[in-house]
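Trainee: sequence unknown, structure follows:
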């Protein structure tokens with residue numbers, strides 16, 4: 001109430017007083033999180049409250065009782081509890097949440113009718129051996145690059161595996177996965193569902209398989225691009241404009257001028273879509289060459305470094321093991337961790353974070369300093 005009425009100092013004082021009790025009290029943990037949101041300081045007591053409460057709950061063996069610490073109305077500002085748990089490294093508790101959510105949802109937005117192959121709904125895979133397994137990759141493109149690391153494991157658990165993906169991913173996955181695994185698009189998946197014995201959403205694979213971070217590097221380009229002498233850096237400054245978080249994660253190209261002016265570097269734009277038209281004259285624009293992600297992977301394979309915002313390019317470079325500098329917003333996705341410059345999800349990535357919401361200038365200055373040390 002104090003925060004809503006504008007009594008900010010009073011609200012902060014109350015938060016400090018009750019924070020020690022958050023480890024044992026779900027209501028206090030939730031209240032702290034909500035106060036933190038109102039104050040716009042989600043890097044402070046929110047993390048302390050969530051981490052403290054989750055850690056104690058997991059220690060007590062009560063992962064199944066973990067409550068929501070934020071309401072659905074605040075999903076844009078604070079991630080869902082299942083991804084919060086992943087960000088904190090609590091895989092077992094996160095798995096319980098992901099599987100619980102899956103129990104109440106259709107596996108894809110393609111329509112439940114596709115799964116009615118016999119007299120009942122196609123069962124979700126439980127990790128045992130099956131003849132034909134259909135893997136549904138229905139989330140974002142970057143999520144496929146993230147969770148696809150577990151796909152190769154399936155060849156020993158099913159006689160036939162069919163991976164169902166967005167069209168721009170087909171060529172790259174066919175080039176990277178074992179030859180015995182089939183890759184088809186969402187539009188062509190009806191036959192795979194009809195023949196399958198079970199399905200699994202790709203985001204559930206680490207929990208069903210009982211793995212944690214797995215092998216991050218699993219994608220490869222068949223014909224890496226060869227560039228001329230000197231350093232060659234790739235750049236991507238914007239994600240898809242249809243993403244509701246795009247305004248927070250993308251950076252106006254003009255703000256990257258201090259990077260693009262560095263001497264001794266040949267710059268290559270990996271940007272596609274309308275934003276690619278913004279490409280400066282001295283930056284090589286590859287948009288016309290990129291038909292799908294195999295083309296993008298070929299370009300990345302020949303670069304010395306990729307610099308990008310949090311978009312599919314960041315995940316692709318990480319899944320290839322390519323050096324990548326990822327510029328992330330103040331409250332980034334779970335895969336970029338909560339602090340520091342590294343992430344266990346992508347060891348080849350260096351993460352540059354906003355210290356305050358919306359402030360990209362200090363981030364770009366830190367990247368510039370790192371590049372100057374690299375260029376020499």
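Mentor: Okay, I see it. These numbers were taken from a predicted model, which means no experiment stands behind them.
Trainee: where does pLDDT dip in the protein?
Mentor: The chain contains residues with pLDDT under 70 at 1-81, 101-121, 376.
Trainee: what segments of it are helices?
Mentor: 8-18, 26-39, 45-59, 81-87, 91-103, 141-147, 170-176, 190-195, 205-209, 246-249, 257-260, 293-301, 312-320, 361-375 (DSSP state H).
Trainee: what packs against the last one?
Mentor: Secondary-structure packing of helix 361-375 (3 or more C-beta pairs under 8 Å, 6 or more residues apart in numbering; DSSP states H and E): strand 231-236, helix 257-260, strand 324-328, strand 349-353. Glycine gets a C-beta too; all of them are placed from N, C-alpha and C.
Trainee: what angle do strand 231-236 and it make with each other?
Mentor: Inter-element angle recorded for helix 361-375 and strand 231-236: 160 degrees (by axes from the mean of the first three to the mean of the last three C-alpha atoms, to 10 degrees).
Trainee: just to revisit the earlier point, just put the helices and strands packed on helix 361-375 in a markdown table and tack on mean neighbour count.
Mentor: Output for those, formatted as a markdown table (neighbours: other C-beta atoms under 10 Å):
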| stretch | mean neighbour count |
| --- | --- |
| strand 231-236 | 23 |
| helix 257-260 | 15 |
| strand 324-328 | 24 |
| strand 349-353 | 21 |
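Trainee: okay, those in a markdown table with distance to residue 362 next?
Mentor: Output for the helices and strands packed on helix 361-375, formatted as a markdown table (distance: least, C-beta to C-beta, whole Å):
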| stretch | distance to residue 362 |
| --- | --- |
| strand 231-236 | 19 |
| helix 257-260 | 12 |
| strand 324-328 | 11 |
| strand 349-353 | 9 |
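Trainee: to residue 337, which of the ones you listed lies closest?
Mentor: strand 349-353 (7.0 Å; C-beta to C-beta).
Trainee: quick one: the closest one to chain centroid distance?
Mentor: 13 Å (C-alpha atoms, centre = their mean, to the nearest Å).
Trainee: show me the contact partners of it.
Mentor: With contacts defined as C-beta atoms under 8 Å, 6 or more residues apart in numbering, strand 349-353 is touched by 314, 317-318, 323-328, 330, 332, 336-337, 339-343, 363, 366-367, 370.
Trainee: what's the PyMOL line that selects buried ones from these?
Mentor: Buried residues among these (16 or more other C-beta atoms under 10 Å), as a PyMOL selection:
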select buried, resi 314+317+318+323+324+325+326+327+328+330+332+336+337+343+363+366+367+370
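Trainee: next, the contact list for residue 344, please.
Mentor: 89, 213, 337.
Trainee: wait, which of the residues you listed is closest to residue 275?
Mentor: The nearest one, if we look at those relative to residue 275 and count by C-beta to C-beta, is residue 337, at 26.9 Å.
Trainee: from what I can see that closest one touches residue 343, true?
Mentor: Yes: here residue 337 reaches residue 343: they are 4.6 Å apart, a contact under C-beta atoms under 8 Å.
Trainee: what's residue 180 in contact with, if anything?
Mentor: 155, 160, 161.
Trainee: output those as CSV; include the columns neighbour count and distance to residue 274.
Mentor: As requested, the contacts of residue 180 are exported to CSV (neighbours: other C-beta atoms under 10 Å; distance: C-beta to C-beta, whole Å):
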residue, neighbour count, distance to residue 274
155, 16, 40
160, 18, 40
161, 25, 36
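Trainee: residue 244: which of those residues is nearest?
Mentor: Checking these one by one against residue 244 (C-beta to C-beta), the nearest turns out to be residue 161, at 32.2 Å.
Trainee: hmm, the closest one is touching residue 133, no?
Mentor: Yes: with contacts counted by C-beta under 8 Å, residue 161 reaches residue 133, the gap being 5.1 Å.
Trainee: what sits in contact with each of these two?
Mentor: Counting by C-beta under 8 Å, 6+ apart, the residues touching both residue 161 and residue 133 are residue 154.
Trainee: quick one, what contacts residue 327?
Mentor: Contacts of residue 327 by C-beta under 8 Å, 6+ apart are 251, 307, 308, 309, 310, 352, 360, 363, 364, 367.
Trainee: swap in 7 Å and give it another go.
Mentor: Residue 327 makes contact with 251, 309, 352, 363, 367 under the criterion C-beta atoms under 7 Å, 6 or more residues apart in numbering.
Trainee: in JSON lines, list these along with distance to residue 172.
Mentor: Output for those, formatted as JSON lines (distance: C-beta to C-beta, whole Å):
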{"residue": "251", "distance to residue 172": "26"}
{"residue": "309", "distance to residue 172": "21"}
{"residue": "352", "distance to residue 172": "26"}
{"residue": "363", "distance to residue 172": "29"}
{"residue": "367", "distance to residue 172": "27"}
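Trainee: return the closest of those residues with respect to residue 265.
Mentor: residue 367 (12.5 Å).
Trainee: sorry, back to before: looking at the helices and strands packed on helix 361-375, which is closest to residue 303?
Mentor: Nearest to residue 303, of all these, is strand 231-236, at 4.7 Å by C-beta to C-beta.
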